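Asker: sequence first, then the predicted structure, then my questions.
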Amino acid sequence: MKKIVAIILAALLAIPLGIMLTSATENNIARGKDYVFTGKYTDNEQVVLYPDTDNSELTDGVSGTAANWGYADAIWVGLNWKGENAVCEDTTWSATTIAYNNVVVDLGTVEDNLSRFVFYSENAGVGIGEPASIEVLVSDNNTDFTSVGTATGVKSIDIPEQTDEIFGLYTYTVTPSEVASGRYVKFAVTHGGAWTFVSEVEVYQAEESEKIPVPKDTYSLISFDPADWLSGDPVGAGNETATATKSGDAIVVSGSVASWPYAYYNNANAVTVNIADFNLVYDFTISGDGQANIILFCEGKTVEDNTNYINNLTHEIAEEGSDQRPSGDDLVDGEYKGSLKLSDLDYSNVTLTEAGKVSFSAVKVFTVNGSIVTINKLALESIETYNSEVDGEDSSEEEEIVFDPPMGDEVENPGYSFEISAPESYLPGETINVTITVNDIVPESGLSFVSLKLYYDADKVEPVVKNDDNENEAIGQLLTTAPDLTKWESVSKLEEDLHRYNLSYMTTTASATAKEDGSIVITIPFLVKDGVSGAILFHAPHAETSAADYDVEDVFGNGGYATVALGTETSETSETSETSSTPPETTGDAGTIAIAIIAFIALAGTATVASKKRSR
């Protein structure tokens, strides 16, 4: 089996980036679109040679591979120099003959930001030559065309069994100096042989990637490890003790029956911030028909010291007399999510070490009369980058620092989703784990193949597991959970120059397919570089994920992302990313990956690939 995977891996590595990889900021908007072409050739018996199947093969998302090379495979559409509406003045073909054909794609509407155009062809001999050139032109009305550039072919795939070096697959890529616009895209073909065979045309559109606002500096005020929390009983009777437990990614404080026991967290490594530059961001829920209160201690003081504290936090969260705080200091059942300016807090009971600056060294959570407090977040975030729409303020004049991961559009009805999770905080010099979990699995036969590209911030982290000389076995072992793990094989690699892991895992065993959420887990360690600050982003673009069910049918789904903030020495919290998805038209990888799966299955002896009979 490893030999089989090695063969597939070698084949994948041989495919140049121009074919296998597409820009993470572009979508192939030609996929599935209508088109017309010239050069269709009908013989004397009225049989169309090398036909197009249902006028769909050139925008079906599948480009030719070495396995398709030649003239017998149905993936190729033949354009003949003397075919229908071809342009040529010669009556016989020779080395000096100049002939033209074209393919015109209708995008359906005028599209802006057209950034790249790709034409896939081959040289198979016997009159089938790679085009001399491909010119790309755009038009709003299908009449007046403007050229955006011309490309000559780049040999993208060799045919190992052929001795003539000219044989192979060729890719033509036109990247205009400025983004273009238009509804109709014409690929004007200048023939290099009597026949031009084309398997696919692509039109890429640069997109405005979704922006994820991330504060320049974020500091959690609490630990999400229950072992870091202590408990107390202010009554001293010893019959009520609040406890801190973990629920998902949240800390839960509970234990009150009739009085007001509390749990607390002392932070020995609290950071000092400028009061004017930070917000306090909170997200917690109170349940149990009781009440709760949160007290903040400052300037190195602990809960045991019982001095230097801010006790008006709940006053700022909810007005007295409101449904959330009917009277006194305590909040009642409800969800509480928002932010406060540190400058709005009452420091009358606090002696600040330095004017205008504060550090929060402890958090005390009271539970009253049976309340349960579930804390998802209690942190400091810099105002400079915080999206203040939460509290209704205009942040348009503030400099907003954002992560801009090119996620692409989501699949509306995904067949899977990649959930990316990572620690909520990090310290320079430590190793953090990024976990990828496959959820929302739809196919009844399960997933037999999953693939994604995980991008990382190379300025801030270093991959721990790298390529090796043993079929990248170490990277394969990043797959830590799978149904019958021994039946899953890896076709994966680290692409350090692109700052990403290119991960693919597959099985040919029906009983080993992934059917349950969480049945596929990939764990990747990263070393945080020294001197790093600010948040770290990990993301798997929607456009760069793929999957297939056991019948080797494409399954489309969603990618995701996670961010990790700079923390304190006791921070070991974790958070789960947002997850979203990939539309079929956003990636040029689907054909390559599908072929890899088919090759895998065929080599494993579990599938037979039938060739479609071609007219000749």
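Answerer: Alright, I've got the coordinates.
Asker: give me the low-pLDDT residue ranges for this structure?
Answerer: Counting by pLDDT under 70, the chain has low-confidence residues at 1-25, 207-216, 233-239, 384-406, 568-616.
Asker: ok, the top strand by length along it: who's next to it in the sheet?
Answerer: Across the chain, the longest stretch assigned as strand under DSSP state E is strand 99-123. With DSSP bridges as the test, strand 99-123 is paired with strand 34-37 (antiparallel), strand 87-88 (antiparallel), strand 168-174 (antiparallel), strand 180-190 (antiparallel), strand 195-206 (antiparallel).
Asker: that one: which residues count as buried?
Answerer: 99-105, 107, 111, 113-123 (16 or more other C-beta atoms under 10 Å). For every residue, glycine as well, the C-beta is placed using N, CA and C.
Asker: and what of stretch 178-198?
Answerer: Along stretch 178-198, these residues count as buried under the neighbour rule (16+ other C-beta under 10 Å): 180, 182-198.
Asker: could I get the full set of helices for this protein?
Answerer: 2-14, 17-20, 313-317, 473-476, 590-604 (DSSP state H).
Asker: ok, now how distant is Gly559 from Ile436?
Answerer: Counting by C-beta to C-beta, to the nearest Å, the separation of Gly559 from Ile436 is 10 Å.
Asker: what sits in contact with each of these two?
Answerer: Residues touching both Gly559 and Ile436 (C-beta atoms under 8 Å, 6 or more residues apart in numbering): Phe418, Ile420, Leu452, Ala540.
Asker: in strands, which of those residues fall?
Answerer: Per DSSP E, the shared contacts of Gly559 and Ile436 map to strands at Phe418, Ile420, Leu452, Ala540.
Asker: isn't the third one up against Ala540?
Answerer: When you say that, I think you mean Leu452. Yes. Assessed by C-beta atoms under 8 Å, Leu452 is found in contact with Ala540 at 4.6 Å.
Asker: these two: which is more packed in?
Answerer: Neighbours per residue, other C-beta atoms under 10 Å: of Leu452 and Ala540, the larger number sits with Ala540, 30 against 26.
Asker: please name the nearest non-neighbouring residue to that one.
Answerer: Once flanking residues are discounted, Ala540 sits nearest to Gly559: 3.9 Å by C-beta to C-beta, 6 or more residues apart in numbering.
Asker: how close does the closest residue in space to Glu444 that isn't next to it in sequence sit to Gly288?
Answerer: Residue nearest to Glu444 in three dimensions, not counting chain neighbours: Lys515, with 7.6 Å by C-beta to C-beta, 6+ apart. Using C-beta to C-beta, Lys515 is found at 37 Å from Gly288.
Asker: repeat that for Leu296.
Answerer: For Leu296, the distance to Gly288 - C-beta to C-beta - is 23 Å.
Asker: the more surrounded of these two?
Answerer: Neighbours per residue, other C-beta under 10 Å: of Leu296 and Gly288, the larger number sits with Leu296, 21 against 16.
Asker: what bridges to Val77?
Answerer: Beta-bridge partners, per DSSP bridges, of Val77: Val198.
Asker: dump the residue contacts of it.
Answerer: Residues in contact with Val77 (C-beta under 8 Å, 6+ apart) are Phe37, Tyr50, Pro51, Asp52, Glu57, Leu58, Phe197, Val198, Ser199.
Asker: at 6 Å what do you get?
Answerer: Residues in contact with Val77 (C-beta atoms under 6 Å, 6 or more residues apart in numbering) are Asp52, Glu57, Val198.
Asker: just the CA coordinates of stretch 533-542, formatted as PDB?
Answerer: Extracted in PDB, the C-alpha atoms of stretch 533-542 (Å, rounded to 0.1, in the frame of the first residue of the first chain):
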ATOM      1  CA  SER A 533       3.700  39.300  19.500                       C
ATOM      2  CA  GLY A 534       0.200  39.800  18.300                       C
ATOM      3  CA  ALA A 535      -2.300  37.200  17.100                       C
ATOM      4  CA  ILE A 536      -1.400  34.200  15.000                       C
ATOM      5  CA  LEU A 537      -3.700  32.900  12.200                       C
ATOM      6  CA  PHE A 538      -4.100  29.400  10.900                       C
ATOM      7  CA  HIS A 539      -6.600  28.900   8.000                       C
ATOM      8  CA  ALA A 540      -7.700  26.300   5.500                       C
ATOM      9  CA  PRO A 541      -9.400  28.200   2.600                       C
ATOM     10  CA  HIS A 542     -12.800  27.000   1.500                       C
END
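Asker: from the chain's centroid, how far away is that stretch?
Answerer: Its chain's C-alpha centre and that of stretch 533-542 lie 9 Å apart, by C-alpha atoms, centre = their mean, to the nearest Å.
Asker: buried set for that stretch?
Answerer: Residues of stretch 533-542 classed as buried by neighbour count (16+ other C-beta under 10 Å): Gly534, Ala535, Ile536, Leu537, Phe538, His539, Ala540, Pro541, His542.
Asker: I'd say the fifth one and Val434 touch.
Answerer: Pointing back at Phe538 there. Yes. Under the criterion of C-beta atoms under 6 Å, Phe538 makes contact with Val434 at 5.1 Å.
Asker: overlap in contacts of the two?
Answerer: Shared contacts of Phe538 and Val434, defined by C-beta under 6 Å, 6+ apart, are found at Ala422.
Asker: columns distance to Ile166 on top of the buried residues of stretch 533-542, output as a markdown table?
Answerer: As requested, these are exported to a markdown table (distance: C-beta to C-beta, whole Å):
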| residue | distance to Ile166 |
| --- | --- |
| Gly534 | 52 |
| Ala535 | 51 |
| Ile536 | 48 |
| Leu537 | 45 |
| Phe538 | 43 |
| His539 | 41 |
| Ala540 | 39 |
| Pro541 | 36 |
| His542 | 39 |
